[in-house]
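Engineer: return atomic coordinates for the entry below.
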Amino acid sequence: MNLSGSTRRGVLPGLALAVAIAALAHVLGHRFPLLGGPVIGIALGIALRNTLSLGARFTAGIRFAGKQVLQASIVLLGFGLGLDQVARTGLESLSVTLATMSVAFLTAWGLGRLLGVHDKLMLLIGVGTAICGGSAIAAVTPIIKPDEHDTAFAISTIFLFNLVAVLLFPALGHLLHLSDLGFGLWAGTAINDTSSVVAAGYSYSHAAGDYATIVKLTRATLIIPICIVLALATAARARRRGATDLHLGRIFPWFILWFLVASGVRTAGWLPATLLAPLHALAEFLIVVALTAIGLSADLRKMVATGPKPILLGLGVWAAVAVSSLLVQRAIGRW
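Structural biologist: Numbering: from 1, shown residues only. Below is the predicted model:
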């Protein structure tokens, strides 16, 4: 993120605005953990964007926060997830995770076509439900380049069903007599954002919360192959349209590669343990900054004009993932 002097001056107003709002959202997120800083940040950004007339001098900084700051936050998250942890827990939950991911993408595609939801919004909702909510949506945004209001709409839709899951899943788990590990696997594969997984898991039991959190973190790493596949597909589509000057290297998600490097550094033990907590805290705050910027870019009138179909799509995909996770567990004897 090296910036020249003139570029730095150009991005400073919008970046400073996003950071200021994000700081407030971060504080409120700790007071209201069911909402969380990212959702509060995007909500405050949308509110400000659609009640005040922001001058053009804020545009460059808001765009910078929504892209470069976002990519930096994802790289920093890599320092908190060891590759050995991914491999160990991933093998245990792989069959359920792959099944729910497949169901999510197939349902998003089929139901999205039926409802007439356009491709990019359909993909954002599918990725968010399949993998890790707002973080996954944020990761694929630089690759598929949707409109800002589509990104905001997708994150808001995913959050709605996260909140429902936090309130509903523990009661359903007890009704179904799920074991602690069974519920942890269900929550970790069928609830999207990490904060919501943690909230649901630990409200069921401590053991369920521990297992759900690890499954969720492992599931989140699958955004890496998803991003690579999307980058390849984007390049191929551009070439079919005759864009001969487009090269894969220009759209390849290099920040995902640096995420892997950061995770490798963590695994190798080259990073002092005292830095892990500050780096994770910085990553979380930068995500709030980035999603606040996305909110500041979102046109609420366009979101309203989109209608209820994306919410119906989100409901259908979320329900399909929740049911398929339970069915696969029953089939493999993990219930």
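Engineer: quick one, helices of the stretch 1-150 of the chain?
Structural biologist: Here the stretch 1-150 of the chain has its helices, by DSSP state H, counting those that start in this stretch, at 5-31, 37-51, 59-64, 70-77, 83-115, 119-127, 133-144, 148-175.
Engineer: distance to residue 199, mean pLDDT and mean neighbour count for these - can I get that in JSON lines?
Structural biologist: All C-beta spots, glycine's among them, are computed from the backbone N, C-alpha and C. Output for these, formatted as JSON lines (distance: least, Cβ to Cβ, whole Å; pLDDT from 0 to 100; neighbours: other Cβ atoms under 10 Å):
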{"stretch": "helix 5-31", "distance to residue 199": "13", "mean pLDDT": "86", "mean neighbour count": "17"}
{"stretch": "helix 37-51", "distance to residue 199": "13", "mean pLDDT": "85", "mean neighbour count": "22"}
{"stretch": "helix 59-64", "distance to residue 199": "30", "mean pLDDT": "89", "mean neighbour count": "20"}
{"stretch": "helix 70-77", "distance to residue 199": "19", "mean pLDDT": "79", "mean neighbour count": "22"}
{"stretch": "helix 83-115", "distance to residue 199": "19", "mean pLDDT": "82", "mean neighbour count": "18"}
{"stretch": "helix 119-127", "distance to residue 199": "22", "mean pLDDT": "90", "mean neighbour count": "24"}
{"stretch": "helix 133-144", "distance to residue 199": "13", "mean pLDDT": "79", "mean neighbour count": "25"}
{"stretch": "helix 148-175", "distance to residue 199": "5", "mean pLDDT": "82", "mean neighbour count": "21"}
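Engineer: can you tell me which of the ones you listed is nearest to residue 287?
Structural biologist: helix 70-77 (4.6 Å; Cβ to Cβ).
Engineer: give the contact list for the residue nearest the centre of the chain.
Structural biologist: For the chain, the residue nearest the mean C-alpha position is residue 135 (2.0 Å; Cα atoms, centre = their mean). Under the criterion of Cβ atoms under 8 Å, 6 or more residues apart in numbering, the neighbours of residue 135 are 74, 77, 193, 194, 220, 223, 287.
Engineer: which residue in those has the weakest pLDDT?
Structural biologist: By pLDDT, residue 194 ranks lowest within the contacts of residue 135, coming in at 69.
Engineer: quick one: the helices of the stretch 1-150 of the chain as JSON lines, columns for distance to residue 282 too.
Structural biologist: Listed next are the helices of the stretch 1-150 of the chain as JSON lines, based on distance: least, Cβ to Cβ, whole Å:
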{"stretch": "helix 5-31", "distance to residue 282": "11"}
{"stretch": "helix 37-51", "distance to residue 282": "13"}
{"stretch": "helix 59-64", "distance to residue 282": "17"}
{"stretch": "helix 70-77", "distance to residue 282": "6"}
{"stretch": "helix 83-115", "distance to residue 282": "20"}
{"stretch": "helix 119-127", "distance to residue 282": "25"}
{"stretch": "helix 133-144", "distance to residue 282": "15"}
{"stretch": "helix 148-175", "distance to residue 282": "21"}
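Engineer: nearest to residue 283, out of those?
Structural biologist: Nearest to residue 283 among the helices of the stretch 1-150 of the chain is helix 70-77 (3.6 Å), distances taken as Cβ to Cβ.
Engineer: the closest one to helix 133-144, inter-axis angle?
Structural biologist: Inter-element angle recorded for helix 70-77 and helix 133-144: 130 degrees (by axes from the mean of the first three to the mean of the last three Cα atoms, to 10 degrees).
Engineer: name the helices or strands packed onto the strand or helix carrying residue 183?
Structural biologist: Residue 183 is part of helix 180-190, with elements assigned from DSSP states H and E. Helices and strands touching helix 180-190, by 3 or more Cβ pairs under 8 Å, 6 or more residues apart in numbering; DSSP states H and E, are helix 83-115, helix 148-175, helix 194-204, helix 206-220, helix 309-332.
Engineer: might you report the residue contacts of the nearest residue to residue 28 once chain neighbours are set aside?
Structural biologist: Nearest residue to residue 28 in three dimensions, chain neighbours excluded: residue 40, at 5.0 Å (Cβ to Cβ, 6 or more residues apart in numbering). By Cβ under 8 Å, 6+ apart, residue 40 lies in contact with 25, 28, 29, 32.
Engineer: ok, 10 Å please
Structural biologist: 21-22, 24-29, 31-32, 288, 291-292, 295 (Cβ atoms under 10 Å, 6 or more residues apart in numbering).
Engineer: between those residues, which sits nearest residue 70?
Structural biologist: If you rank those by distance to residue 70 using Cβ to Cβ, residue 291 comes first, at 7.9 Å.
Engineer: that closest one: which element?
Structural biologist: Assigned by DSSP H and E, residue 291 falls in helix 276-297.
Engineer: that older thread, could you identify the most distant pair in the contacts of residue 40?
Structural biologist: Those two in these that are separated most widely, counting by Cβ to Cβ, are 31 and 295, at 19.0 Å.
Engineer: residue 315 contacts residue 161, correct?
Structural biologist: Yes. Assessed by Cβ atoms under 10 Å, residue 315 is found in contact with residue 161 at 6.7 Å.
Engineer: circling back: from the contact counts, what lies against the helix holding residue 291?
Structural biologist: Here helix 276-297 touches helix 5-31, helix 37-51, helix 59-64, helix 70-77, helix 133-144, helix 148-175, helix 254-268, going by 3 or more Cβ pairs under 10 Å, 6 or more residues apart in numbering; DSSP states H and E.
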